[in-house]
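Asker: predicted model and sequence below, questions to follow.
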Amino acid sequence: MAYPETRNAEVERRVADEYRWGFVTDIEQETVPKGLNEDVIRLISAKKHEPEFMLDWRLRAYRHWLTLTEPTWSSVHHPPIDYQDIHYYSAPKTRAQPKDLSEVDPELLRTYEKLGIPLQEREALAGVAVDAVFDSVSVATTFKDKLESLGIIFCSFSEAVQKYPELVRHYLGSVVPYTDNYFATLNSAVFTDGSFVYVPKGVRCPMELSTYFRINAKNSGQFERTLIIADEGAYVSYLEGCTAPMRDENQLHAAVVELIALTDARIKYSTVQNWYPGDAEGRGGIYNFVTKRGECRGDRAHISWTQVETGSAITWKYPSCILRGDDSVGEFYSVALTNHRQQADTGTKMIHIGRNTRSSIVSKGISAGFGSNAYRGLVKVLPSAANARNHTQCDSLLMSDHCAAHTFPYIEVKHPSARVEHEATTSKIGDDQLFYLRSRGLSEEDAVNLIVNGFCKEVFKELPMEFAVEAQKLLAVSLEGAIG
Amino acid sequence: MLHIENLHVSIDGKSILTGIDLDVKAGEVHAIMGPNGSGKSTLAQVLAGREGYVVTAGSVRYLGHDLLALEPEQRARAGVFLAFQYPLEIPGVANVQLLRAALNNLRRARGENELDAMDFLDTVKSKLALLGMDDSFLYRAVNEGFSGGEKKRNEILQMAVLEPRLAILDETDSGLDIDALKTVAHGVNALKHPERAVILVTHYQRLLNYIVPDHVHVLAGGRIVRSGDARLALELEDKGYGWLAPDVQGNVQGDVQGDVPMEAPREGRL
Ligand SMILES: Nc1ncnc2c1ncn2[C@@H]1O[C@H](COP(=O)(O)OP(=O)(O)OP(=O)(O)O)[C@@H](O)[C@H]1O
Ligand SMILES: [Mg+2]
C-alpha cells in the first residue's frame, strides 16, 4: 500500500468507535446478590408475584440443572463459567411497574434513544411495536392499544404470567422443555423477563413486533424467555435486537425462544444480534448461549428464522423448526460474522415429522481477523415424513489468513422418499475483486462492504426493510479495518 | 495529459515492462498493439494502480499528478478508467448498485452533488439507450453469468456512465460479434472530447475501422518498438510483428491475426 500512515490513522479511528453501543447507563439498580440456589429462585419468583405453577416449574428446572454438565461438543472455547459469580436478577429501581411511558425512568428512555429505538410512539414512524428489556425487566411496550383492539397480546413475559396464566401454562416449555439442554434448563430456572406474543385465529398482525434486549448491569446474566403463539391462520413478524455495554469481564446471556405456529399460521422471526463482542484481543464480550426453536404444530404452518449475528464473544445458537404438521415449512436464513477473536458455532435443526414437509437453509458465514465461524446443522427426516424436502446452502467467506470456517452438516434420513440436498462453498475475498471495484472509484471499505452485502443478499432480502438497512450498517461497522 | 517515461515494471521479481515511453495528449486516441504476453495488460493495470506490480524505474504523470503515488480509487476519481480484459464477477451485487456507488463517489470527488435514485436512473437509462443495451442489464449481478461479450459491453456501460478523462480499454473488442463491436466503438466515439483521451489495447485492425486512432504503438518484449499513425495498424495486419525487430519474435506466441482465444486460460485465475 502506498500510504501506510493514512491507513493506520484510519484504522485507529475505526477501532476507537468500534462498538458504539458500549455505553453504560447510570441508573439505580436493584440487584439480587451473586450466586444461584433455590432461595434466589424463590426470590425472583416472589419479586415477580408469580403463581405457584411458575415457581414449581423453575424449581424442577433448577434441580434438573444440578444434574447436568456444560456441553462440550461445540467448537467454541472459553474459560470455565462460574455460575455462582453472576447476579441472576438485576432491575432498574423504579417506584412501581410502569403503566405507560410517562412513568418510565427518563434515563432509561434516553438509553433507548441512544440505541435508536423508537420507544416513544410518536417517533415510531416505521410502525414497529417495541418491547424493551433492560437487564432483567421489560420496560415498556409501545402500540399496546392498537394491538389489543385486534386481540393481539404483546407484552412482557411477566405481565403475561399475571394476565394470561392459562396461555403461559399451556405453551411454556412445550417446544423447549426445561430438560432440553444445559443452558435452556438454566434459563428455565432463573429467567427474569422477555416478551410474550399471542395472535388470535385468522388475525394478521399489522405491524412488526419488536423487542430490544439491553444488558446494562455489571456481572449480571441476562436470561430472557420469549414465547410466541400464532393461532390458526394467524401471521406475525417479530424482530429482536440486542446490545450491551463494553465490559472487561464476559457476561452470560442464555435466552430461550419458543415459537408455536398452529394450522395455516405463519411466524417470521428476525434477529439482529449485536451484543458486545469483546475487544480486539478477546477481552470481555457476551457469551451468548441461546436456545431458539419453533414448532409447526398444525398443517401448512410456516416458520422462518432470519438472523444476522455480528456481536458476542461467543455465539452458540441453533434456531430450529419442528415440522410436525403435514405440508409445513421451515426456513433458516443466517449471516454470522466473526472478527477479531469472536467465535460462532451456529446453525439450525430441521426436524421433519409430518408428510410433505419442506425446509430450506441458507447460511452465510463471514470470518475476519482471528475469528472462527462454524455452521452446524441437522436435517432429520423421521419415518412418518413421506416426501420431505430439504435444501441447504452453506457459504463461507474468508477475509483474512488467520480466520477459520467450518461446516458440520448432520443428516439423518429415515424415509426413502426424502430428498435432502446440501451445497457448501468457501471463498476468500479476492484482491482482484477489490481492485476492480476500487478502479471504479470505491474506497477499499466500500468495496469490501459491497462484496459482503452481495454475499449476504439472499439473507438480507428476508429481513424487513428497516432491519435490512440496520444489518448492512452493522456488518460495515463490524468489518471496519478487517482487510489489509 | 498522460506522460509515461522510462517505465519499468516487474511482477514477482520478473521484469515485464522494460522502459515504456508514451505521451498521450488530450483529445487523442492511441492504439496499443503487440503480441500476446508482451505486457499490454500489465501497462494498463499499472496505470489503474494494480497492487503487486512493482514499478522499478520510471515515472507516470497524469494531469499534473504523480499517478503512481495515487491509490486505485484516487486515480478513478481523477478520471482514469480501465475497461478490464477479464472483467470480474461480483456475486449478489446488482450492476445498478455498483454503478450508483461508483458514480456518486466520483461526483463527490468532483465536488458535485450525489444523484438521487431518480436522476441516477435517468442518467443510466440514457446511457443504456445510447449503447442499445437492455434495462435488464442493470438488475443482474455484476458480470455474474454474463457471456464474454456481455462482460465487455458492461465495461463500456460503466465507462459511459462514469465519463472518464482517460479511458483505457484492454481488448474490449476481443470476443465481440460485429454488432457488439459497433456498440463499443459507438460508446468510445461518444466519449471523444477535446479534454479526454482514449488508449485502446487491441489485436485487431477491425476496431480501428470504427475508431480511428491518432497514434498506433507496437508493444513487444516490454517496450514500445514502433509508433506510427493509423496506417501502421494496416501494415501489421498485413505482415504480423516479425518484421519489426528480430528480438520481438520470441514474444510471438501464436498468430496474432488468427483467432486468439478470447477468454484466455488466465481467466481461471480470476
Ligand atoms: N501475476 C503475474 N505473475 C507472473 N507473471 C505475470 C503476471 N501477470 C502477467 N504476467 C506475465 O507478464 C507478461 C505480460 O503479460 P500481459 O498480460 O501484460 O500481456 P498482454 O500483452 O496483455 O498479453 P495478451 O495479448 O495475451 O493479453 C506475460 O509473460 C505474463 O505471463
Ligand atoms: Mg492482455
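Answerer: Ah, there it is. Numbers count the residues shown, from 1 in each chain, chains lettered A, B, ... in the order given. Ligands and ions are numbered 1, 2, ... in the order given.

Asker: please save the CA atoms from stretch B:133-151 in PDB.
Answerer: Output of stretch B:133-151 as PDB, limited to C-alpha atoms (Å, rounded to 0.1, in the frame of the first residue of the first chain):
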ATOM      1  CA  MET B 133     -28.500  -2.200 -24.200                       C
ATOM      2  CA  ASP B 134     -31.400  -3.600 -22.400                       C
ATOM      3  CA  ASP B 135     -32.600  -2.200 -19.000                       C
ATOM      4  CA  SER B 136     -32.500  -5.700 -17.600                       C
ATOM      5  CA  PHE B 137     -28.700  -5.400 -17.500                       C
ATOM      6  CA  LEU B 138     -29.000  -3.100 -14.500                       C
ATOM      7  CA  TYR B 139     -30.500  -5.600 -12.300                       C
ATOM      8  CA  ARG B 140     -28.300  -8.600 -13.000                       C
ATOM      9  CA  ALA B 141     -25.400  -9.200 -10.600                       C
ATOM     10  CA  VAL B 142     -22.200  -7.600 -11.800                       C
ATOM     11  CA  ASN B 143     -20.900  -9.800 -14.600                       C
ATOM     12  CA  GLU B 144     -22.200 -12.900 -12.900                       C
ATOM     13  CA  GLY B 145     -23.200 -15.400 -15.500                       C
ATOM     14  CA  PHE B 146     -22.500 -12.900 -18.300                       C
ATOM     15  CA  SER B 147     -21.300 -14.100 -21.600                       C
ATOM     16  CA  GLY B 148     -17.800 -12.900 -22.700                       C
ATOM     17  CA  GLY B 149     -19.300 -10.300 -25.000                       C
ATOM     18  CA  GLU B 150     -21.800  -9.100 -22.300                       C
ATOM     19  CA  LYS B 151     -19.000  -8.600 -19.900                       C
END
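
Asker: touching chain A at all, that stretch?
Answerer: Yes - Stretch B:133-151 is in contact with chain A by CB under 8 Å from any CB of the partner chain, via residue B:141. Glycine gets a C-beta too; all of them are placed from N, C-alpha and C.

Asker: show me what counts as buried in that stretch.
Answerer: Within stretch B:133-151, the residues scored as buried using 16 or more other CB atoms under 10 Å in any protein chain shown are B:133, B:137-138, B:140-144, B:146, B:148-151.

Asker: cool, stretch A:409-418 as well?
Answerer: Buried residues in stretch A:409-418, defined by neighbour count with 16+ other CB under 10 Å: A:409, A:413, A:418.

Asker: so who does the first one touch?
Answerer: With contacts taken as CB atoms under 8 Å, 6 or more residues apart in numbering or on different chains, residue A:409 has the following neighbours: A:375, A:377, A:379, A:392, A:394, A:422, A:424.

Asker: could you rerun that using 6 Å?
Answerer: Neighbouring residues of residue A:409 by CB atoms under 6 Å, 6 or more residues apart in numbering or on different chains: A:377, A:422.

Asker: now do the SS call for it.
Answerer: strand (DSSP: H, G, I helix; E, B strand; the rest coil).

Asker: any idea how far it lies from residue A:403?
Answerer: Separation of residue A:409 from residue A:403 (CB to CB, to the nearest Å): 20 Å.

Asker: out of the buried residues of stretch B:133-151, which comes closest to ligand 1?
Answerer: Nearest to ligand 1 out of the buried residues of stretch B:133-151 is residue B:148 (CB to the nearest ligand atom; 13.9 Å).

Asker: A strand includes residue A:470, no?
Answerer: No - under the criterion used here (three-state DSSP), residue A:470 is helix, not part of a strand.

Asker: now it. Nearest residue, chain neighbours left out?
Answerer: In space, and not counting its chain neighbours, residue A:470 is closest to residue A:272: 5.9 Å by CB to CB, 6 or more residues apart in numbering or on different chains.
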